[in-house]
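Novice: A predicted structure for the sequence below; I have some questions about it.
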Amino acid sequence: MSDGWNRHRAEPVAVGEQRTTRADRRRAARQAQVKRRRRIALLSILMVFLVAVGAVLWTVRGSLFGGAAAPEDFASGQSGPEVVVHITGENNSDFAQNLVDAGVVKSVGAFNRAAGDKPISAGYYELRKTLPASEVVTMLVDPARTHRVGMLNVSPGAVLDDKRNKDNKVAPGIFSQLSAATAHTDGGVKKQTAKADFVKVASTASVADLGVPEWAAATVNRLKGDHRRIEGLIAPGVWDQIDPSGTPVAILKDLITASAKQYEAQGLLDASRTSAAKLAPYQVLVSASIVEREVNQADDYPKVARVILNRLAKNQKLEMDSTVNYTEAVTGIDVVGEQLLKKTEWNTYAKTGLPATPIGAVGIPALVATENPAPGPWLYFVTVDSQGTTLFTDDFAQHERNRQRACDTKFLTVGCTK
């Protein structure tokens, strides 16, 4: 009985186990199919996106650097008339757009492909229209700067007027250099602002039109009619953004305004309050211009600045040869005789106190030294050799002995006893 019963009984089902029906299998198949279709759709969308991005990148590459098709360019040997282009911006593509707008190159892409990673400086350039991009790049990176216009290089101590030295060589003044910086050809017409035009504007224009800072305005107003009233208000440095087509007053205003900011950034306005100079800002600049011209060793600048302050404090004439030379046609000489007696706004042998204006462009080392003069009792100094050795003292008898040393070395020839 028991054996027969066991043969006909079903096998027990484990607890928790579910039987899979045919309907369940069909449902699972449909879900798998839906998932496959979704994956295929997503992959298709991704492929379309990547193709679109690739097409855009290829188009940009072709436009900027000459991809599949070379960008448009002008042919060699077909240059047009001269044109002055102001190249500005942050990168070569910006520069290229300036050139395209001026009709110099045909496309941004052609210029970028020719320029590559060559360093190109912003500024004014005299070029020609319809040039091949490669020729334009060569002109822009020319180390001789043959095609640059509107550049002025002011050295420390430079003056507005041309000066002849004792070797009979003429050193062009700032006004002559400015005139040269404006020389250019535009459409076959040669143009240049004359030196006389800068002199006239410097003499007659208002302080506002010239951009004169408030701390120099009183002197510039008082000396109206004399172009030297703006002496020292153009700082040393390379000024490479001068518009050669600009008016004389606009050019001078740009230079004076920028120079004032440069001087102020070096503490000029704070000198009378925070340093030992105890001079008004404009007086600091005037004093620094003497420091600039009296010695050629920067280490001596703070001592010369102290000599000037010590003499001013004693109401003693400065008697600096550099102030006499400033108004002379021939400079760099040992002043003597009638030269010492000339009554001018600048001759510190004939007047007490500082010259009316700076006697040249003031470099930063001379300015900083004047703002921070060295402590000391010195009242006299003399350079005794061609190496620039300068001796300082507060005793006049010692100063005479120091001066004799300069005579012995033949560095001085005037006023020597033997």
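Specialist: Okay, I see it.
Novice: how much space separates L255 from L367?
Specialist: 17 Å (CB to CB, to the nearest Å). Every C-beta, even on glycine, is put in place using the N, C-alpha and C of the backbone.
Novice: looking at the two, which has the bigger crowd around it?
Specialist: L367 (27 against 23; other CB atoms under 10 Å).
Novice: now do that one against Q283, distance only.
Specialist: Distance of L367 to Q283, given as CB to CB: 12 Å.
Novice: do G211 as well
Specialist: 20 Å.
Novice: now swap in R401 and tell me
Specialist: Counting by CB to CB, the gap from R401 to Q283 is 32 Å.
Novice: with R113 instead?
Specialist: Computed as CB to CB, the R113 to Q283 distance reads 57 Å.
Novice: again, but for V220
Specialist: From V220 to Q283 the distance is 14 Å (CB to CB).
Novice: please apply the same query to A70.
Specialist: A70 is 64 Å from Q283, by CB to CB.
Novice: for L127, same thing?
Specialist: 46 Å.
Novice: skipping its backbone neighbours, what lies nearest D300 in space?
Specialist: If the residues on either side of it in the chain are set aside, D300 comes closest to T390, at 4.9 Å by CB to CB, 6 or more residues apart in numbering.
Novice: what's around that neighbour, how many residues?
Specialist: That count, for T390 with other CB under 10 Å as the rule, works out to 20.
Novice: wait, it touches V295, no?
Specialist: Yes: counting by CB atoms under 8 Å, T390 sits close enough to V295 to count as a contact (5.3 Å).
Novice: any common contacting residues for those two?
Specialist: Shared contacts of T390 and V295 (CB atoms under 8 Å, 6 or more residues apart in numbering): 381, 383.
Novice: looking at V220 and Q283, which has the bigger crowd around it?
Specialist: Higher neighbour count among V220 and Q283: V220, with 23 against 20, using other CB under 10 Å.
Novice: how far away is the more buried one from I230?
Specialist: 6 Å.
Novice: what's the weakest-modelled helix or strand in this protein?
Specialist: helix 2-7 (a mean of 42; mean pLDDT, DSSP states H and E).
Novice: leaving out chain neighbours, which residue sits closest to A366?
Specialist: Nearest residue to A366 in three dimensions, chain neighbours excluded: E292, at 4.2 Å (CB to CB, 6+ apart).
Novice: any idea how far that neighbour is from G353?
Specialist: Taken as CB to CB, the span from E292 to G353 is 18 Å.
Novice: which one's more surrounded, those two?
Specialist: A direct count of neighbours by other CB under 10 Å for E292 and G353 places E292 higher, at 29 against 13.
Novice: low-scoring pLDDT stretches of this protein, where are they?
Specialist: Filtered on pLDDT under 70, the chain yields the residue ranges 1-32, 34-37, 41-42, 44, 46, 48-69, 272-277, 332-340, 418.
Novice: strands of that one, residue ranges please.
Specialist: Secondary structure of the chain (DSSP state E): strands at 82-87, 123-128, 148-149, 152-154, 163-165, 170-171, 184-186, 189-191, 237-239, 330-331, 380-383, 390-393.
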